[in-house]
Every structure is written in C-alpha cells, then in structure tokens.
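Peer 1: Okay, predicted coordinates and the sequence, questions at the end:
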Amino acid sequence: MSSKTIEIELRSIFDKKKYDEVEKFLKEKAEDLGADDKDVYFFIMPDKLSKVVDNISKGNAKIVTKLNKIGKGDSFEEIEVAIDREDVEKAVNMFKSLNLTENIMHSFQKRHNYLYKGVELALKYSDVWSYHLELEIVVDDPKKEEDAKKKLYSVAKELDIHIMTDEELTEFTQKAEKDYHKKK
C-alpha cells in the first residue's frame, strides 16, 4: 500500500512591488527550480477540487484531485495521475462530460519555483489570482503536518508576507469564481 501524499500549502497575494521584492530575495537566497508555467483547467466541486494541468515548461501533464477545497484548511490529501500532454483535451472533455461540476475555470499560470529551507515556493502570476506565492511542503503522514506548518510560517515571516486565512481564501475564491463566470 502506498503512503498518502499530503500537501501543506499556504498562500499570499500581493502587489507587483512585493512580487519583485520576493523574486529578488528568492533569486539571491533560494535554490532555483526553474520555470513552471502551466495551463490549468479547474473543476470546482463543493468539497474538493480536480484539475487538468498542462505543464508547458516541463513538457508533461497530469490530472490532480485535492480531497478538500481551498479555504478548508491548509492540508490537502492529493491524488495525481500523470497523462500524456496529447491527452489534456481528452481529460478536460472527460471531466466536462461527467457533469460533476458546473464551476469550471481555465487559467494560465506564469510560475517560477524555488526551494528555500526545505520549503517549495511557487512565485506566480495568473489572471485570476494576480501576483501571489504558494508555499508548500509535502508529507506522507499526518503526524508530520505540524512541523511542516511551523517551517512554512517561519519562511513566510522571513519573506515578510501575509498568509491568507481560511476565511480570506474562501472569500477570495468565491469572488474569483463569480468574477470569472461573469466574463464568460
């Protein structure tokens, strides 16, 4: 039996000035893991999130399901299945045909990944989230979550960024989903 994959994720949204400050800090002090630009289709359900990810920078693709929703805690048990990039459109159509969700979002993410003090940082820009940072540690046992969270908050403090609360994330994602669908 394989172990669980549990992502502990924190998020921060900021303006272009803070984005540039964080980028400068990471370029000087973190290990550069490279560009990680992604074209993502999100299938948002009441209690979880699935997505089809075309990782343009890395030349691969995957289907991901997070077993809870953003704004419902910072730990996400996650299931990933690698797919061929040629199958991204088929995977998107498969999800659409299941009618599991009417809430579908499509967004390109300009991303650059770094590793700093054991924390993976994805510095991002997207039309939905604007300038933001995701801090992440993956663990295989729920008993390791508390130590991972301490490490994440320590790095966030060093970067002098505001970590969004569950309430802020819920409010933001609900507004983002509503605004996205108004444009369509």
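Peer 2: Sure thing, it's come through.
Peer 1: Can you list the low-confidence ranges for the chain?
Peer 2: Where the chain drops to pLDDT under 70, the residues are 1-4, 101, 184.
Peer 1: for it, what spans make up the helices?
Peer 2: For the chain, the helices defined by DSSP state H cover 16-29, 88-98, 145-159, 166-183.
Peer 1: From the centroid of the chain, which residue is nearest?
Peer 2: Residue closest to the mean C-alpha point of the chain, counted by C-alpha atoms, centre = their mean, is residue 134 at 6.3 Å.
Peer 1: If I follow the layout properly, that residue ends up in contact with residue 121?
Peer 2: Yes: between residue 134 and residue 121 a contact is recorded at 7.2 Å, counting by C-beta atoms under 8 Å. All C-beta spots, glycine's among them, are computed from the backbone N, C-alpha and C.
Peer 1: quick revisit: now for the residue nearest to the centre of the chain: which residues touch it?
Peer 2: With contact set as C-beta atoms under 8 Å, 6 or more residues apart in numbering, residue 134 has these partners: 9, 10, 11, 121, 122, 124.
Peer 1: try it again with 7 Å
Peer 2: For residue 134, the contact set (C-beta atoms under 7 Å, 6 or more residues apart in numbering) comprises 9, 11, 122, 124.
Peer 1: between these, which is closest to residue 72?
Peer 2: residue 9 (11.7 Å; C-beta to C-beta).
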